[in-house]
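Chemist: Model the following, please.
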Amino acid sequence: MSMDMRGLERAVAEHGRVARVVVASVEGSAPREPGTAMLVWPDGQSDTIGGGALEFEAVTHARIALADGIDSLVSRSLGPALGQCCGGAVVLATEIYDEARLANVPAGTYLRRVTGQADPPLALQRAAARTRSSGEVVPTTCQSGWLIEPVAPHVRPLWIYGAGHVGRAIVEVMAPLPDIAITWVDTGADRFPDNIPEGVTKLVAANPANAVRHAPSDAEHLILTYSHALDLEICHQLLGHGFRATGLIGSATKWARFRSRLRSLGHSDAQISRIRCPIGDPALGKHPQAVAVGFAAEWLSSSPTAETGMEANA
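Modeler: Purely as a prediction, here's the structure:
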């Protein structure tokens, strides 16, 4: 498993400081494998490391660590004393993250001291070097108070609603690009092509607007369904949910009607203006592949830290 930087960044942005609890090592039978992690803040948490009593104790410890601002390694035997029957043992690393620390997490592999000796073990230094030289993925490993983990590459989440001609064309163009995670939503399994490109998650939802709540708040969205009513409801849900950028297929007339309806649903003009309609480059024409090429060009010309073309050209 890899360190989920996007999830950690979202949690820090929302809560300021969070404790990340990761299963650093395992001996024998345990609920989860090394690299499994959860995030904890004073009044909540996300994800799970499993184990019932183990997790309860880990959350309590994480909140103490948050208050003290101190990283730690804790070893726990999974026996009757903890109310567990696994019989193995785990080492949990609890680390405190804020914006400053996030900025220092390197890409690829993260080797750092949690507690213990001043210098990293030679085996972990060599593992980190192999990653830099050959791209080898190093598993989560803990030795002498030092922890090494693979870091998941930063991907941009793109949610596409509609598996019609334009949706298919955009997925075909976008799926091969690096550092992108596509979720493709439509009302029935039969609306999708037989072969879904690698790295694309198919999501069947009788009402695609209900899928919006599962999207990360920093996702980019393209609304391309066969129904104006569905398109409008997705726009409505997105404006209440939050997003990085949203594009809607349609004409100027359709967008004028949508703006009026969205105002009547309580959204301000400033909110509504964040949705771009139409999408693509009109100079390229309305052919599905032309729309796809236009959108892909906007995507590639934008950076993860800047507004996308969908918003910049709104």
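
Chemist: Paired strands for the helix or strand harbouring residue 149, with orientation please.
Modeler: According to DSSP states H and E, residue 149 maps onto strand 146-150. Sheet pairing of strand 146-150 (DSSP bridges) gives strand 109-113 (antiparallel), strand 141-143 (antiparallel).

Chemist: Select, out of these, the one closest to residue 259.
Modeler: Evaluated over the strands paired with strand 146-150, closeness to residue 259 peaks at strand 109-113, with 45.5 Å, by CB to CB. All C-beta atoms are positioned from the backbone trio N, CA, C, and that covers glycine.

Chemist: quick one: buried residues of the helix or strand just after the closest one?
Modeler: Downstream of strand 109-113, the next assigned helix or strand under DSSP H and E is helix 122-134. When neighbours are counted by 16 or more other CB atoms under 10 Å, the buried residues of helix 122-134 are found to be 124, 127, 128, 131.

Chemist: what does whichever helix or strand comes after the strand holding residue 149 rub up against?
Modeler: The helix or strand immediately downstream of strand 146-150 is strand 156-161, counting by DSSP H and E. Residues from elsewhere that reach strand 156-161 (CB atoms under 8 Å, 6 or more residues apart in numbering): 6, 167, 170-171, 174, 179-186, 208, 211, 215-216, 218-225, 230-231, 234, 299, 304.

Chemist: How about stretch 60-69?
Modeler: Contacts with stretch 60-69, where a contact means CB under 8 Å, 6+ apart, come from 17-19, 21, 40-42, 71-72, 74, 92, 94, 96.

Chemist: any weak-confidence spans in the chain?
Modeler: 78-87, 303-314 (pLDDT under 70).

Chemist: again, 50 this time
Modeler: Within the chain, the ranges that satisfy pLDDT under 50 run 80, 82, 304-314.

Chemist: Now do the strands in it.
Modeler: 18-27, 37-41, 44-46, 72-77, 89-97, 109-113, 141-143, 146-150, 156-161, 180-186, 200-204, 220-223, 245-248, 275-276 (DSSP state E).

Chemist: now these as TSV including distance to residue 55 and mean neighbour count?
Modeler: Formatted as TSV, the strands of the chain follow (distance: least, CB to CB, whole Å; neighbours: other CB atoms under 10 Å):
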stretch	distance to residue 55	mean neighbour count
strand 18-27	9	23
strand 37-41	7	23
strand 44-46	9	16
strand 72-77	11	16
strand 89-97	10	21
strand 109-113	23	18
strand 141-143	19	19
strand 146-150	19	23
strand 156-161	27	24
strand 180-186	27	22
strand 200-204	27	16
strand 220-223	33	25
strand 245-248	36	24
strand 275-276	40	23
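
Chemist: To residue 258, which of the ones you listed lies closest?
Modeler: Smallest distance to residue 258 across those (CB to CB): 7.2 Å, for strand 245-248.

Chemist: List the buried residues for stretch 266-285?
Modeler: Neighbour-count burial for stretch 266-285 flags 267, 272, 274, 275, 276, 277, 278, 279, 280, 281 (criterion: 16+ other CB under 10 Å).

Chemist: same thing with stretch 221-241?
Modeler: Within stretch 221-241, the residues that qualify as buried are 221-225, 230-239, 241, counting by 16+ other CB under 10 Å.

Chemist: Among the residues you listed, which one lies nearest to residue 290?
Modeler: Looking across the buried residues of stretch 221-241 and measuring by CB to CB, the closest to residue 290 is residue 224, at 14.1 Å.

Chemist: do you know how far residue 289 is from residue 68?
Modeler: For residue 289, the distance to residue 68 (CB to CB, to the nearest Å) stands at 57 Å.

Chemist: pull the longest helix from the protein.
Modeler: Counting by DSSP state H, the longest helix found in the chain is helix 53-68.

Chemist: What residues of that one count as buried?
Modeler: 54, 55, 57, 58, 59, 61, 62, 63, 65, 66.

Chemist: Let me have those in a markdown table, extended by distance to residue 258.
Modeler: Below are those laid out as a markdown table (distance: CB to CB, whole Å):
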| residue | distance to residue 258 |
| --- | --- |
| 54 | 50 |
| 55 | 45 |
| 57 | 51 |
| 58 | 47 |
| 59 | 44 |
| 61 | 50 |
| 62 | 45 |
| 63 | 45 |
| 65 | 48 |
| 66 | 44 |
